[in-house]
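Student: dropping the sequence and predicted coords here.
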Amino acid sequence: MAVRIIIVRYVPKEKAEELRPLLLQMRSLANAQSGYISGETLVNYDDPSEHLVISTWKTLDDWNRWLQDEQRLKLQNNVDIVTGSETRYSIYYNG
């Protein structure tokens with residue numbers, strides 16, 4: 001069963017350019033993962049610091065493998081350092 005992962009990050013305006021290469025690298029690595037279907041990044045119109053990613057995976061196991069991937073963990077740690085806040089994840093499925 002496919003799952004959608006909602007990822008929320010708060011990106012201070014002055015950090016957006018510094019963050020961009022990290023997120024592009026993470027998206028590139030995700031694209032190469034088994035089970036990855038798609039990803040979309042949205043910015044909140046009323047609060048441009050809020051960035052929402054909708055990531056779709058074939059199975060929850062596929063997502064969990066990616067979540068624990070060593071390269072992803074290193075990148076994610078750097079993302080959280082740059083943003084100064086922890087990235088939040090929520091998992092959804094078509095019930």
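Tutor: Sure, I can see it.

Student: report the mean per-residue pLDDT for the host helix or strand of residue 26.
Tutor: Taking DSSP states H and E as the criterion, residue 26 maps to helix 16-31. Average pLDDT, helix 16-31: 95.

Student: same thing with stretch 88-95?
Tutor: On average, the pLDDT along stretch 88-95 is 95.

Student: quick one on the thing from earlier: okay, buried residues for the helix holding residue 26 please.
Tutor: 16, 19, 22, 23, 26, 30 (16 or more other C-beta atoms under 10 Å). The C-beta positions use only the backbone N, C-alpha and C, and glycine is treated the same way.

Student: isn't the second one right up against residue 11?
Tutor: Yes - the criterion here is C-beta atoms under 8 Å, and residue 19 meets it with residue 11 at 5.8 Å.

Student: hmm, back to that, report the two of the buried residues of helix 16-31 separated the most.
Tutor: 16 and 30 (19.9 Å; C-beta to C-beta).

Student: can you show me the CA trace of stretch 68-84 as CSV?
Tutor: Taking Å, rounded to 0.1, in the frame of the first residue of the first chain, the C-alpha atoms of stretch 68-84 are listed here in CSV:
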residue,chain,number,x,y,z
GLN,A,68,17.2,5.3,8.3
ASP,A,69,19.5,5.7,5.4
GLU,A,70,22.9,6.9,6.6
GLN,A,71,23.4,9.5,3.8
ARG,A,72,19.9,10.8,4.5
LEU,A,73,20.5,11.1,8.2
LYS,A,74,23.6,13.1,7.7
LEU,A,75,21.9,15.5,5.3
GLN,A,76,18.9,15.8,7.6
ASN,A,77,21.1,16.6,10.5
ASN,A,78,22.7,19.4,8.4
VAL,A,79,19.2,20.6,7.3
ASP,A,80,18.1,20.9,10.9
ILE,A,81,21.2,22.7,11.9
VAL,A,82,20.7,25.3,9.1
THR,A,83,17.0,25.8,9.8
GLY,A,84,17.6,25.8,13.6
